[in-house]
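> okay, predicted coordinates and the sequence, questions at the end:
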Amino acid sequence: MNVTGSTASARRDVQVIGLVGVAHATSHFFHLLLVPLFPWLKQAFGLSYAELGLLMSVFFVVSGAGQALAGFVVDRIGGWRVLLAGLAMLALAAFGFALSGSYATMMLFAGIAGLGNSVFHPADFTILNRRVSAQRIAHAFSAHGVLGTLGWACAPIFLAGIAALAGWRAAMAGAGLLALAVLVLVLLARGLLDGEAGRPEPARAAVRGHALAFLRLPGVWMCFAFFFITSLSLGGIQSFASSALAELYGLPVALALSAISVYMIAQGAGMITGGFVAARTTHHERVIAFAFAAAGTLCVLIGSGQVPGTLTFVLLGLVGFGAGIAGPSRDLLVRAASPRGATGRVYGVVYSGLDVGMSLAPLMFGAMMDSHHPGWVFIAIGLFQTLALFTALGLGGSADKARAQPA
């Protein structure tokens, strides 16, 4: 390829990565659509924290079930159309929340938001795999993860800021307008995001038999187990790590809350680094194993309660950095284990493990906090990361077998 063609290819890849990443950030933004507004919703509807938590459970349960199904639709009609539908449902849910007058209505729109969220992973990864050059795919997965983390980081500031100034309904409406803006952006980018790229697929076996035949592949279920286990650790960090730090080390609540921001920032930096690491190796399972071994050890150290309180911020940042480094390698392992023609279905099924884990983690870690064992929160997070290490090694073996099969 000449210099001009190479430059045009790089520019196209960057545009595709940016557009898909913005859509992914919107998905993660909506993960936290309700949580920052809990104080306002509690007062407006007279709800308990258990009832508020149930709204989040509905979101993730519907998202998990819908994600597995969305993969089949993506393989049939393409990722771009399904991505548009997901963004439209997120916008509808946000405007519905803004107009809700009862808890039952809120529950309905939590389900619609979960359904909208369910499409992003199968649609995003199908588009990236089809439209981004092989030499930049690791960086594409890295950017995808980083922008998702930014969506998490922006949601509390955006929503709580508007709610404090104009009320929670205005904050919900603002989120709806945000989803609509991204919808228009993706709609106008059909030429970049829709269809096949015409680039050669990596050496993977094609799926044979009926539409569910890919479920017979051990690698698919190894991926599901990996995502389920890692989401338990992530859910523990997002839901109760700050409360556990405050209780275990006697830190002020506001200071403990900032530790989660440290984790998220470090995770984003790790994802950027992980993209370069993943681009230079084919042994992605080793990258994941090393990163999670280090992160798990540090989590157990935090849970021991034997380190200076201020040092916990450094250690939690290193935990986030390790989890971030593993991200691009994780997605490349899923790609390698996916048979040709079933990319959307595989990503849909395996990423549903993420939603299942996220729906269970608050219940499990909340029970530890209710039992006044804050150290157990970090010890359990570390143990889950260690378990994920072993599933990653098994997944690497499945991916090697998939590459060895004739296409």
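Perfect, I can see it now. Residues are numbered from 1 along each chain as shown.

> count of neighbours near residue 152?
Neighbourhood size, residue 152 [other C-beta atoms under 10 Å]: 18. Heads up, the C-betas are built off the backbone N, CA and C, glycines and all.

> same check, this time on the one 10 residues further on
Applying other C-beta under 10 Å, we find 20 other residues in the vicinity of residue 162.

> can you check the pLDDT for it?
Note for residue 162: predicted pLDDT of 93.

> start the count at 2, not 1, going forward
Noted, 2 is the first residue going forward, which turns the last one into residue 163.

> from residue 302, how far off is residue 149?
Distance, residue 149 to residue 302, using C-beta to C-beta, to the nearest Å: 28 Å.

> what is the burial count for the closest residue to residue 98 other than its chain neighbours?
In space, residue 98 comes closest to residue 173 once its chain neighbours are excluded; the distance is 4.4 Å by C-beta to C-beta, 6 or more residues apart in numbering. Counted with other C-beta under 10 Å, the neighbours of residue 173 add up to 26.

> ok, residue 149 and residue 302, which is more surrounded?
Just comparing residue 149 and residue 302: by other C-beta under 10 Å the higher neighbour count belongs to residue 149, 26 against 18.

> can you check the pLDDT for the more buried one?
90.

> for this protein, give me the ranges with low pLDDT.
2-6, 196-219, 254-255, 258, 338-344, 396-408 (pLDDT under 70).

> would you agree residue 392 is in contact with residue 222?
No. With contact defined as C-beta atoms under 8 Å, residue 392 does not reach residue 222; the gap is 9.8 Å.

> now the strands for the stretch 252-401 of the chain?
Counting by DSSP state E, counting those that start in this stretch, the stretch 252-401 of the chain has no strands to list.

> in it, which spans are helices?
Along the stretch 252-401 of the chain, counting by DSSP state H, counting those that start in this stretch, helices occupy 254-280, 285-304, 312-338, 344-371, 375-405.

> ok, residue 124 - contacts?
The neighbourhood of residue 124, defined by C-beta atoms under 8 Å, 6 or more residues apart in numbering, consists of 71, 75, 80, 81, 83, 84, 87, 345.

> make TSV from these and add neighbour count and distance to residue 251 to it.
As requested, those are exported to TSV (neighbours: other C-beta atoms under 10 Å; distance: C-beta to C-beta, whole Å):
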residue	neighbour count	distance to residue 251
71	30	45
75	27	49
80	31	49
81	23	51
83	26	48
84	31	46
87	28	43
345	28	49
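
> show me which residues of stretch 134-152 are buried.
134, 137-152 (16 or more other C-beta atoms under 10 Å).

> for stretch 16-25, same thing?
Using 16+ other C-beta under 10 Å as the burial criterion, the residues of stretch 16-25 that qualify are 17, 18, 19, 20, 21, 22, 23, 24, 25.

> contacts for that stretch, please.
Contact with stretch 16-25 is made by 84, 88, 121, 125, 128-129, 132-133, 137, 140-141, 144-145, 147-149, 152, 183, 186-187, 190, 193-194, as judged by C-beta under 8 Å, 6+ apart.

> give me the more crowded residue out of residue 392 and residue 222.
residue 392 (23 against 18).

> excluding chain neighbours, what is closest to the more buried one?
Residue 392 sits nearest to residue 227 (C-beta to C-beta, 6+ apart), 4.1 Å away.

> residue contacts, the one you found?
Residues in contact with residue 227, defined by C-beta under 8 Å, 6+ apart, are 331, 351, 354, 389, 392, 393, 396.

> just the helices in the stretch 2-151 of the chain please.
For the stretch 2-151 of the chain, the helices defined by DSSP H, counting those that start in this stretch occupy 4-32, 39-46, 50-78, 80-100, 104-118, 121-132, 138-167.
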